[in-house]
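K.L.:
Starting from these lines, generate the structure:
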Amino acid sequence: MNNFAGSIASSSSDDDSSDEDDLVLHTLSSAARNRVQQRGESSNTEKRHRISIVRDRMGTHEFLVHDYFAPDSLYDLSKFEDQFCISRKLFLRIAKDLENNYAFFQLRCDARGKRGFSTLQKCTATLRQLAYGIAADASDEYLKMSERTGLECVYPFCEYVIEFYGNIYLRHPTRNDIEQLYVAHEAKHGLPGMLGSIDCTYWEWANCLNTWRGQFTRGDHGVPTFILEGKAPNMPFVVNKHQYNCGYYLGDEIYPKYATFVKSFSFSADEKRKLFKLAQESAMKDVERTFGVLKQK
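P.N.:
Numbers count the residues shown, from 1 in each chain. Predicted coordinates:
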């Protein structure tokens, strides 16, 4: 039973992850890092009397498998993605990696021989907290998992996701990565030396800590928000026999007039500028679509 997630993953998905899975894993790794950093701020030190409740963990696991993970599951793949905010293939990939590498996410019994929670139960409780910002005990009725256990799942999950995926999705780009970006964008957009498109969007931070709300709230939004930022790495490229030291990002008029930001022309006076304006604005749609995917996830 403890290898259930791994057996499904190996039979229902291949080893190659899609671009969307990579995007979700990058976002998940970043969210996990933020949650770990906030752990000390949000911990509850109040002692409460614990009431012992007998929970049917085995039955809950079987219900979960029947609803979402069995070959003839009650809910199909689209419904799974609606509920978990990621695909089932990616969920099982994460569950398999955690189960194979970390004892906490393996099915174990305590000293009394009492069965613990399965990998699927722990990952389900954690991902729903991260995806929806719900309380730790919000899934108690369905997963039979107490608030204390729900919190105990979240922090190891975040730490292990950072440890396992961080070197892939949270690292700085290498020279080889940048060269591949140059080649890909030049082939797709006809823009040599382009690292990508840059834009910003205000993302509402629904679970912002009370002590931080003031510094993350703008008057024109009224709620805590944050934006994504980046910088151009030092990587030379050559155009028209002229060498440039840094690649560039496509941007719009809100960004400063830096050499690493290439903007469209406000007024296209000739055909050459009109053609560049069309290519620049067309390529900028990539980052806008990416923000749409992130917000849906």
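
K.L.:
Can you show me the strands along the stretch 151-297 of the chain?
P.N.:
194-197, 203-204, 225-226, 234-239, 242-246, 248-251, 261-263 (DSSP state E, counting those that start in this stretch).

K.L.:
Out of the ones you listed, which is closest to Val293?
P.N.:
strand 203-204 (12.9 Å; CB to CB). Heads up, the C-betas are built off the backbone N, CA and C, glycines and all.

K.L.:
Direction included, what does the closest one pair against?
P.N.:
Strand 203-204 has the following strand partners under DSSP bridges: strand 225-226 (antiparallel).

K.L.:
Which residues does the partner strand contact?
P.N.:
Strand 225-226 has contacts (CB atoms under 8 Å, 6 or more residues apart in numbering) with Tyr202, Trp203, Glu204, Trp205, Phe216, Thr217, Arg218.

K.L.:
Stretch 127-144 too?
P.N.:
Contacts of stretch 127-144 (CB under 8 Å, 6+ apart): 28, 31-32, 35, 55-57, 59-60, 63-64, 83-86, 91, 117, 121, 124-125, 145-148, 150-151, 154, 206-207, 297.

K.L.:
And the strands of the stretch 151-297 of the chain: which comes nearest Leu107?
P.N.:
Among the strands of the stretch 151-297 of the chain, strand 203-204 sits nearest to Leu107 (CB to CB), with 36.2 Å.

K.L.:
Flag the helix or strand of the chain with the lowest per-element mean pLDDT.
P.N.:
helix 4-12 (a mean of 40; mean pLDDT, DSSP states H and E).

K.L.:
Please identify the buried residues of the following helix or strand past it?
P.N.:
On the C-terminal side of helix 4-12, the closest following helix or strand by DSSP states H and E is helix 19-37. Under the neighbour-count criterion of 16 or more other CB atoms under 10 Å, helix 19-37 has Asp21, Leu23, Val24, Leu25, Leu28, Ser29, Ser30, Ala32, Arg33, Arg35, Val36 buried.

K.L.:
Surely the second one is in contact with Leu294?
P.N.:
Yes: the criterion here is CB atoms under 8 Å, and Leu23 meets it with Leu294 at 7.3 Å.

K.L.:
Wasn't Ile86 part of a helix?
P.N.:
No: under DSSP: H, G, I helix; E, B strand; the rest coil, Ile86 falls outside any helix and is assigned coil.

K.L.:
Now do it against Leu92, distance only.
P.N.:
10 Å (CB to CB, to the nearest Å).

K.L.:
who's more crowded, these two?
P.N.:
Leu92 (24 against 21; other CB atoms under 10 Å).

K.L.:
For the helix or strand encompassing that one, the averaged confidence score.
P.N.:
Here Leu92 sits within helix 88-101, counting by DSSP H and E. Average pLDDT, helix 88-101: 93.

K.L.:
Report all helices and strands that that helix contacts.
P.N.:
helix 4-12, helix 19-37, helix 77-84, helix 119-132, helix 147-169 (3 or more CB pairs under 8 Å, 6 or more residues apart in numbering; DSSP states H and E).

K.L.:
and Glu253, which of those helices is closest to it?
P.N.:
helix 19-37 (26.6 Å).

K.L.:
How is the protein divided into domains?
P.N.:
Structural domains annotated on the chain: 4-169, 175-296, as defined by automatic domain parsing.

K.L.:
which of these sits most buried?
P.N.:
The highest average neighbour count among these, using mean count of other CB atoms under 10 Å, belongs to domain 4-169 at a mean of 16.

K.L.:
and Lys257, what are its phi and psi?
P.N.:
phi -90, psi 70 (degrees, to the nearest 10).

K.L.:
mind listing what Asn101 touches?
P.N.:
Tyr160, Phe164.

K.L.:
and it, how far is that from Gly247?
P.N.:
35 Å.

K.L.:
So for stretch 260-271, mean pLDDT?
P.N.:
On average, stretch 260-271 scores 80.

K.L.:
for stretch 28-36, same thing?
P.N.:
Here the average pLDDT along stretch 28-36 is 77.

K.L.:
For it, output the C-alpha coordinates as PDB.
P.N.:
Output in PDB follows, covering the C-alpha atoms of stretch 28-36 (Å, rounded to 0.1, in the frame of the first residue of the first chain):
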ATOM      1  CA  LEU A  28       5.300  25.300  -6.100                       C
ATOM      2  CA  SER A  29       9.000  25.400  -5.100                       C
ATOM      3  CA  SER A  30       8.800  29.200  -4.700                       C
ATOM      4  CA  ALA A  31       5.600  29.000  -2.700                       C
ATOM      5  CA  ALA A  32       7.200  26.300  -0.500                       C
ATOM      6  CA  ARG A  33      10.200  28.500   0.100                       C
ATOM      7  CA  ASN A  34       8.000  31.400   1.200                       C
ATOM      8  CA  ARG A  35       6.000  29.200   3.500                       C
ATOM      9  CA  VAL A  36       9.100  27.900   5.200                       C
END
